[in-house]
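Asks: Need coordinates for the following:
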Amino acid sequence: MGKLMRLISMAPLFLLLCLPFAFGGHDYNQALSKSILFFEAQRSGYLPHNQRVTWRANSGLNDGKASGVDLVGGYYDAGDNVKFGLPMAFTVTMMSWSIIEYRKQMAANGELGHAMEAVKWGTDYFIKAHPQPYVLYGEVGDGNSDHYCWQRPEDMTTDRHAYKIDPSNPGSDLAGETAAAMAAASIVFRRSNPAYSRELLRHAYQLFEFADKYRGKYDSSVTVAQKYYRSISGYNDELLWAAAWLYQASNNKYYLNYLAKNGDSMGGTGWAMTEFGWDVKYAGVQTLVAKFLMQGKAGHHTPVFEKYRQKAEYFMCSLIGKGSRNIQKTPGGLIYRQRWNNMQFVTSASFLATVYSDYLTSYRGSLKCAAGNVAPSELLSFAKSQVDYLLGDNPRATSYMVGYGNNYPRQVHHRGSSIVSIKVNPKFVACRQGYATWYTRKASDPNVLTGALVGGPDAYDNFADERDNYEQTEPATYNNAPLLGILARLAGGHGGYNQLLPVVAPVPNPVIAKPKPAPKPKRTPTPASSSSPITINQKMTTSWNHKGKTYYRYSTVVTNKSYKTLKALKLSISKLYGPIWGLTKSGNSYGFPEWLNSLPAGKSLEFVYIHAASPADVSVSSYNIA
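Replies: Sure, this is the predicted structure:
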């Protein structure tokens with residue numbers, strides 16, 4: 001459990017101890033598979049028929065019943081049996097972001113389906129927890145009674161009271177993070193389950209409006225959370241975070257304008273951070289807004305979005321030791337933020353470094369640090385060094401992922417794994433009996449909590465594998481969630497990354513009246529044969545001025561108007577004077593992007609380019625209709 005009884009230091013730490021870049025030769029595919037498996041061990045509710053963690057069974061089957069609402073399902077946050085809404089929502093957001101960026105790599109590893117199931121287990125619960133537009137249940141159970149007992153989730157006798165926020169008891173941080181989770185997940189399911197995607201987006205719209213309209217900290221309403229998941233950073237970061245995800249999910253300019261209008265007043269352009277996690281979202285917001293800027297979406301908001309980007313780069317530079325103030329690291333090179341569950345900050349920061357590296361590579365830019373310009377590859381190398389450390393390349397030669405490697409934690413601070421499975425011995429384990437019989441037992445856990453990333457070592461790389469050492473041996477879902485994306489990226493190698501590509505799948509239409517979508521600009525057709533089964537339409541989506549020069553972002557949509565599948569498309573593009581995204585160049589022509597082999601009947605492909613001139617000339621050179 002997070003229980004972060006800390007004050008956020010908005011000023012970075014000074015100490016930086018460097019370690020040469022390590023090549024551990026790790027099996028990132030295996031680590032990815034195991035890290036996803038951990039989420040199945042954390043499931044609450046009725047377990048599905050394809051449950052792979054077989055030592056677990058159904059639990060929490062009456063959650064919400066006393067409040068007249070069905071709250072069965074969701075995730076236990078860590079080694080306990082409480083369902084905390086804020087870290088659960090952040091977990092789902094980060095799992096979704098991992099899939100959005102590295103879907104192709106997860107699919108190649110055969111883990112995309114499992115990752116999407118992990119997201120859906122959370123969003124199915126959030127749908128239940130949001131029964132009305134301005135009502136959200138944010139916790140089931142309470143940490144105080146839960147910590148008094150050491151029981152399997154299947155045996156729980158602790159209080160399962162459900163706590164909610166509403167207009168009289170607001171919680172903008174909780175509602176905002178849940179809106180972000182729903183919006184991000186809506187992108188994940190857009191292609192495979194469009195109806196579910198639209199439902200998630202509808203909840204996200206409502207939750208954002210709730211968060212923004214009725215402002216307040218959730219732990220002032222759900223006071224039992226204060227001791228465990230206090231929102232020390234407040235709710236402004238979550239409001240910006242939710243707006244960024246809603247813009248990415250909907251393309252609705254209302255949310256882009258919200259980021260621009262509130263960037264200064266809510267701290268998005270002001271806070272220079274060295275921390276990112278379930279409480280503090282600023283670095284994540286700044287990274288997403290920098291992405292929008294690099295995609296050419298900022299328009300007249302470019303000056304304020306540039307300030308977001310500067311703060312994003314402050315964060316990145318501090319990670320690699322080339323900023324004006326740098327983060328602390330252990331002698332072995334691991335990010336060190338705090339004694340209690342430090343690993344959560346390692347994975348979250350490393351994820352941002354990974355995606356920002358790919359954004360910059362796509363943009364063909366460099367990272368601007370106090371020490372000078374830095375190649376994007378340095379960010380990815382840094383993230384790799386952190387992952388290699390946690391997988392075993394460290395002074396103790398210990399893997400901090402349970403079940404990975406030969407030397408990993410065996411006495412994890414986790415009720416379910418430390419007590420014999422109910423399927424092996426169904427005898428009831430009472431509240432205090434669990435402490436007497438199982439908690440104090442100096443032996444390996446009877447159930448291996450495969451894939452769990454524990455809290456990790458101290459500031460000097462020391463670690464004690466003891467069940468009562470909860471600061472170091474307790475795992476958490478939000479430790480693992482960002483790790484999914486990094487592992488998928490590292491497993492995928494170094495070729496073919498272009499994270500600024502537009503999404504081919506159509507964006508679902510907004511399903512509520514407010515906020516209203518921006519009017520669509522008119523499309524300008526590019527000349528093509530009237531008898532051709534392929535149409536090409538171009539439009540200018542935005543423009544901006546940089547150093548006295550006006551740049552334009554053009555979107556081009558190629559549509560297959562025939563009744564058969566379009567293959568082997570070759571486009572001729574002339575009068576192009578800038579970068580292009582969404583096509584693969586082959587000689588003097590352009591073809592489908594490498595992840596797309598054909599275009600079904602009636603479907604469209606979009607690509608974009610940026611230059612300081614009129615639209616390029618785009619025409620069809622050749623194609624096959626099959």
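Asks: Now do the strands in the stretch 101-250 of the chain.
Replies: 136-140, 162-165 (DSSP state E, counting those that start in this stretch).
Asks: Among the ones you listed, single out whichever gets nearest to residue 466.
Replies: strand 136-140 (28.8 Å; Cβ to Cβ). Where C-beta positions appear, they are placed from N, C-alpha and C, glycine not excepted.
Asks: avg pLDDT for that closest one?
Replies: In this model, strand 136-140 has a mean pLDDT of 98.
Asks: what does that strand rub up against?
Replies: 60, 63-64, 67, 69, 71, 74, 82-86, 129-131, 160-166, 171, 174-175, 178, 207, 210, 218, 222, 224-225 (Cβ atoms under 8 Å, 6 or more residues apart in numbering).
Asks: switch the cut-off to 7 Å
Replies: 63-64, 69, 71, 82-86, 129-130, 160, 162-165, 171, 174-175, 178, 207, 218, 222, 224-225 (Cβ atoms under 7 Å, 6 or more residues apart in numbering).
Asks: returning to that earlier point: any chance of the strands of the stretch 101-250 of the chain in CSV, plus distance to residue 341 and mean neighbour count?
Replies: CSV is the format used below for the strands of the stretch 101-250 of the chain (distance: least, Cβ to Cβ, whole Å; neighbours: other Cβ atoms under 10 Å):
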stretch, distance to residue 341, mean neighbour count
strand 136-140, 19, 27
strand 162-165, 23, 23
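Asks: Residue 624: which of those is closest?
Replies: Once the strands of the stretch 101-250 of the chain are compared by Cβ to Cβ, strand 136-140 is nearest, at 51.6 Å.
Asks: quick one: strands adjacent to the closest one?
Replies: strand 83-84 (antiparallel), strand 162-165 (antiparallel) (DSSP bridges).
Asks: need these in TSV with distance to residue 607 and mean pLDDT, can you?
Replies: As requested, the strands paired with strand 136-140 are exported to TSV (distance: least, Cβ to Cβ, whole Å; pLDDT from 0 to 100):
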stretch	distance to residue 607	mean pLDDT
strand 83-84	43	98
strand 162-165	43	98
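Asks: out of those, nearest to residue 252?
Replies: strand 162-165 (24.4 Å).
Asks: Centre of the chain to that closest one, how far?
Replies: Its chain's average C-alpha position is 25 Å from that of strand 162-165, according to Cα atoms, centre = their mean, to the nearest Å.
Asks: residue contacts, residue 116?
Replies: 99, 188.
Asks: Rebuild the strands of the stretch 101-250 of the chain as CSV, extending it with distance to residue 464.
Replies: Below are these laid out as CSV (distance: least, Cβ to Cβ, whole Å):
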stretch, distance to residue 464
strand 136-140, 31
strand 162-165, 34
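Asks: out of those strands, nearest to residue 330?
Replies: Among the strands of the stretch 101-250 of the chain, strand 136-140 sits nearest to residue 330 (Cβ to Cβ), with 33.5 Å.
Asks: Between the strands of the stretch 101-250 of the chain, which one is closest to residue 376.
Replies: Using Cβ to Cβ, the strands of the stretch 101-250 of the chain put strand 136-140 closest to residue 376, at 38.0 Å.
Asks: chain center to that closest one: distance?
Replies: 21 Å.
Asks: In CSV, list the C-alpha atoms belonging to it.
Replies: Only the C-alpha atoms of strand 136-140 are listed here, as CSV (Å, rounded to 0.1, in the frame of the first residue of the first chain):
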residue,chain,number,x,y,z
LEU,A,136,-18.1,8.3,-7.9
TYR,A,137,-17.2,5.6,-5.4
GLY,A,138,-13.6,6.0,-4.5
GLU,A,139,-12.8,3.4,-1.9
VAL,A,140,-14.1,0.0,-0.6
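Asks: Now do the buried residues in stretch 485-494.
Replies: Going by neighbour count (16 or more other Cβ atoms under 10 Å), the buried part of stretch 485-494 is 485, 486, 487, 488, 489, 490, 491, 492.
Asks: how about the strands paired with strand 136-140 in a markdown table, adding distance to residue 444?
Replies: Formatted as a markdown table, the strands paired with strand 136-140 follow (distance: least, Cβ to Cβ, whole Å):
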| stretch | distance to residue 444 |
| --- | --- |
| strand 83-84 | 28 |
| strand 162-165 | 36 |
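Asks: now for these, which one comes closest to residue 240?
Replies: Taking Cβ to Cβ, strand 162-165 is the member of the strands paired with strand 136-140 nearest to residue 240, at 19.0 Å.
Asks: what's that closest one in contact with?
Replies: 63-64, 67, 69, 71, 135-140, 171, 174-175, 218, 221-222, 224.
Asks: cool, stretch 33-51 as well?
Replies: 52-53, 56-61, 72-76, 83, 111, 114-115, 118, 121, 153, 401, 403-404, 416, 449-452, 477, 480, 483-484, 487.
Asks: quick one: buried residues of that stretch?
Replies: Buried-residue list, stretch 33-51, by 16+ other Cβ under 10 Å: 33-45, 47.
Asks: Span of it from start to end?
Replies: Taking Cα to Cα, to the nearest Å, stretch 33-51 runs 14 Å from one end to the other.
Asks: give the contact list for residue 311.
Replies: With Cβ under 7 Å, 6+ apart, residue 311 has these contacts: 269, 271, 272, 286.
Asks: Just the element for the third one, please.
Replies: It refers to residue 272. Residue 272 is part of no helix or strand when elements are defined by DSSP states H and E.
Asks: how near is it to residue 318?
Replies: Computed as Cβ to Cβ, to the nearest Å, the residue 272 to residue 318 distance reads 8 Å.
Asks: The two: who's more crowded?
Replies: Shown here are residue 272 and residue 318; by other Cβ atoms under 10 Å, residue 318 has more neighbours (25 against 20).
Asks: Please identify the helix or strand for the more buried one.
Replies: helix 302-319.
Asks: and that helix, how far from the chain's centre?
Replies: The answer for helix 302-319 is 19 Å, by Cα atoms, centre = their mean.
Asks: for the helix or strand following that helix, what is the average pLDDT?
Replies: Remark: after helix 302-319, the chain's next helix or strand is helix 343-363, criterion DSSP H and E. Mean pLDDT, helix 343-363: 96.
Asks: Model confidence for residue 519, exactly?
Replies: Residue 519 is assigned a pLDDT of 36 by the prediction.
Asks: Residue 614 too?
Replies: pLDDT for residue 614: 84.
Asks: Then it would be within a strand, right?
Replies: No: counting by DSSP: H, G, I helix; E, B strand; the rest coil, residue 614 falls outside a strand, being coil.
Asks: what residues are up against residue 387?
Replies: So residue 387 contacts 350, 486, 487, 490 (Cβ under 7 Å, 6+ apart).
Asks: how about the strands paired with strand 136-140, which one is nearest residue 279?
Replies: strand 83-84 (11.9 Å).
Asks: And for the closest one, what's in contact with it?
Replies: 44, 74, 75, 76, 77, 139, 140, 141, 225, 228, 229.
Asks: Include distance to residue 598 when you put those residues into CSV, please.
Replies: Formatted as CSV, these follow (distance: Cβ to Cβ, whole Å):
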residue, distance to residue 598
44, 42
74, 40
75, 39
76, 44
77, 44
139, 48
140, 47
141, 50
225, 50
228, 51
229, 47
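Asks: Now the buried members of those residues.
Replies: Of the contacts of strand 83-84, these count as buried by 16+ other Cβ under 10 Å: 44, 74, 75, 76, 77, 139, 140, 141, 225, 228, 229.
Asks: other SSEs contacting the top helix by length along the chain?
Replies: Looking across the chain with DSSP state H, the single longest helix is helix 85-108. Counting contacts by 3 or more Cβ pairs under 7 Å, 6 or more residues apart in numbering; DSSP states H and E, helix 85-108 packs against helix 112-129, strand 136-140, helix 172-188, helix 477-491.
Asks: Output it as CSV, restricted to C-alpha atoms.
Replies: Taking C-alpha atoms only, helix 85-108 is exported to CSV below (Å, rounded to 0.1, in the frame of the first residue of the first chain):
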residue,chain,number,x,y,z
GLY,A,85,-9.7,4.5,-6.2
LEU,A,86,-7.0,7.1,-6.8
PRO,A,87,-4.0,4.7,-7.3
MET,A,88,-6.3,2.2,-9.1
ALA,A,89,-7.2,4.8,-11.7
PHE,A,90,-3.6,5.9,-12.1
THR,A,91,-2.7,2.3,-12.7
VAL,A,92,-5.3,2.0,-15.4
THR,A,93,-4.2,5.2,-17.0
MET,A,94,-0.6,4.1,-17.2
MET,A,95,-1.4,0.6,-18.4
SER,A,96,-3.5,2.3,-21.2
TRP,A,97,-0.7,4.7,-22.1
SER,A,98,1.6,1.7,-22.3
ILE,A,99,-0.7,0.0,-24.8
ILE,A,100,-1.4,3.2,-26.8
GLU,A,101,2.3,3.8,-27.4
TYR,A,102,3.5,0.2,-27.8
ARG,A,103,0.6,-1.8,-28.9
LYS,A,104,2.5,-3.3,-31.9
GLN,A,105,5.3,-4.5,-29.6
MET,A,106,2.9,-6.1,-27.1
ALA,A,107,1.1,-7.8,-30.0
ALA,A,108,4.3,-9.2,-31.3
